[in-house]
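A.B. asks: here you go, sequence then predicted model.
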Amino acid sequence: MHTVAISAPNTAPRGFSFTAVLNRVLDLAELARQRRALAALDARALEDMGISYEQAAAEAAKPFWA
């Protein structure tokens, strides 16, 4: 008697990596979190970091994908 192994075909498009997509989503979520935190800083904290209010506001206003 012969044993036959059946495996599911690889349906992922060439070059597709679920892990890479997941990592990108997590990176974008972290970027959005950082921009929210930047927007919440007061003038003194921004000054300590050497960032103007205008620079912080411009960065915080960017969409998460930019």
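C.D. replies: Noted; the coordinates are in hand.
A.B. asks: what's the longest helix in this protein?
C.D. replies: helix 18-40 (DSSP state H).
A.B. asks: and it, what does it pack onto?
C.D. replies: helix 53-60 (3 or more CB pairs under 8 Å, 6 or more residues apart in numbering; DSSP states H and E). (Each C-beta comes from the backbone N, C-alpha and C, glycine too.)
A.B. asks: for the helix it packs on, packing partners?
C.D. replies: If you count contacts as 3+ CB pairs under 8 Å, 6+ apart, helix 53-60 packs onto helix 18-40, helix 43-49.
A.B. asks: average pLDDT for the last one?
C.D. replies: Averaged across helix 43-49, pLDDT comes to 95.
A.B. asks: just the buried residues of it, please?
C.D. replies: Leu46 (16 or more other CB atoms under 10 Å).
A.B. asks: adjust the sequence numbering to begin at 31 for everything that follows.
C.D. replies: From this message on, residue numbering opens at 31, which makes the last subject helix 73-79.
A.B. asks: roughly how far is it from the heart of the chain?
C.D. replies: Between the centre of helix 73-79 and the centre of its host chain there is 25 Å, according to CA atoms, centre = their mean, to the nearest Å.
A.B. asks: which other residues reach it?
C.D. replies: Residues outside helix 73-79 that contact it (CB atoms under 8 Å, 6 or more residues apart in numbering): 71, 82-83, 86.
A.B. asks: ok, now the first one?
C.D. replies: Outside of helix 48-70, the residues that reach it under the criterion CB under 8 Å, 6+ apart are 42, 86-87, 89-90, 92, 94-95.
A.B. asks: using CSV, list the CA coordinates for that helix.
C.D. replies: Below are the C-alpha coordinates for helix 48-70, written out as CSV (Å, rounded to 0.1, in the frame of the first residue of the first chain):
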residue,chain,number,x,y,z
PHE,A,48,1.4,37.9,5.6
THR,A,49,4.1,38.6,8.2
ALA,A,50,5.4,41.6,6.1
VAL,A,51,1.8,43.0,5.8
LEU,A,52,1.2,42.5,9.5
ASN,A,53,4.4,44.2,10.4
ARG,A,54,3.5,47.2,8.1
VAL,A,55,0.1,47.5,9.8
LEU,A,56,1.8,47.4,13.2
ASP,A,57,4.3,50.0,12.1
LEU,A,58,1.6,52.3,10.9
ALA,A,59,-0.4,51.9,14.1
GLU,A,60,2.8,52.8,16.1
LEU,A,61,3.3,55.9,13.9
ALA,A,62,-0.2,57.0,14.5
ARG,A,63,0.2,56.6,18.2
GLN,A,64,3.5,58.6,18.2
ARG,A,65,1.8,61.4,16.3
ARG,A,66,-1.1,61.5,18.8
ALA,A,67,1.5,61.7,21.6
LEU,A,68,3.3,64.5,19.8
ALA,A,69,0.1,66.4,19.5
ALA,A,70,-0.6,66.1,23.2
